[in-house]
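[1] Just a sequence and a predicted model for now, questions to come.
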Amino acid sequence: MLVHEELLREFRDFALAAPNAKSLMERIGQRLHEKMTRYNWVGFYLLDPADPGFLLVGPFVGSFTPNARIPLNTGLCGAAASSGQVVVVHDVSTDPRYLSGSTMVKCEIVVPILVKNKLAAELDVESYFAGTFTQSEQDFVEACAAIVGKYLGKG
């Protein structure tokens, strides 16, 4: 999709001059939320430097306040963090692991961001529409997460 290519190019260009990882995550979150109409909540979770058994909410954009601190063994974010694998749930009401941030959420994707094969963060996108994260959408969200991973890896 053209919008995917345009956004990825924008994010890669911004990453070249981004002053820090937070600004890069803020830009990606804001632009995904603006341009992708079914991406109703977009945020990053970061591994807690004080307690690596938890994820802490980082930059996010959306209409609800997320869970601020998530144990690695809890929720879809925890599942992605623990396994190192992308988690896509097309209907969150059918997955007992789902930690509700909003009753409006129907679909979620969580992409682990690895640096030197270790979890550093996650990109979490939630949608009010079931089935939002098709394979092409998953590939796109993974590519966005990879830009952050590459940026974090050069530090």
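    Perfect, I can see it now. Nothing here was measured: the structure is a model prediction, and the numbers come from that model.
[2] Assign the residue most central in space within the chain to helix, strand or coil.
    Taking Cα atoms, centre = their mean, the centroid of the chain lies closest to Leu123, which sits 1.5 Å from it. Secondary structure, DSSP: H, G, I helix; E, B strand; the rest coil: Leu123 is strand.
[3] Not including adjacent chain positions, what is the nearest residue to it?
    Of all residues not flanking Leu123 in the chain, Ala145 sits nearest, at 4.2 Å (Cβ to Cβ, 6 or more residues apart in numbering). From N, CA and C alone the C-beta is placed, and that goes for glycine too.
[4] Equivalent analysis for Asn40, please.
    The shortest distance from Asn40 to any non-neighbouring residue, by Cβ to Cβ, 6+ apart, is to Tyr128 (4.8 Å).
[5] Also Leu8?
    Nearest one to Leu8, counting by Cβ to Cβ, 6+ apart, is Ala143 at 5.5 Å.
[6] helices or strands next to the helix or strand that neighbour falls within in the packing?
    Assigned by DSSP states H and E, Ala143 belongs to helix 135-153. The contact analysis (3 or more Cβ pairs under 8 Å, 6 or more residues apart in numbering; DSSP states H and E) places helix 135-153 against helix 2-17, helix 21-35, strand 107-115, strand 118-127.
[7] so which of these comes closest to Thr94?
    strand 107-115 (10.8 Å; Cβ to Cβ).
[8] Show me what that closest one pairs with in its sheet, parallel or antiparallel.
    strand 87-89 (antiparallel), strand 118-127 (antiparallel) (DSSP bridges).
[9] Ranking those strands by mean neighbour count, which comes first?
    Among the strands paired with strand 107-115, ranked by average contacts under mean count of other Cβ atoms under 10 Å, first place goes to strand 118-127 (a mean of 24).
[10] For Met36, give me its contacts.
    With contact taken as Cβ atoms under 8 Å, 6 or more residues apart in numbering, Met36 is in contact with Val3.
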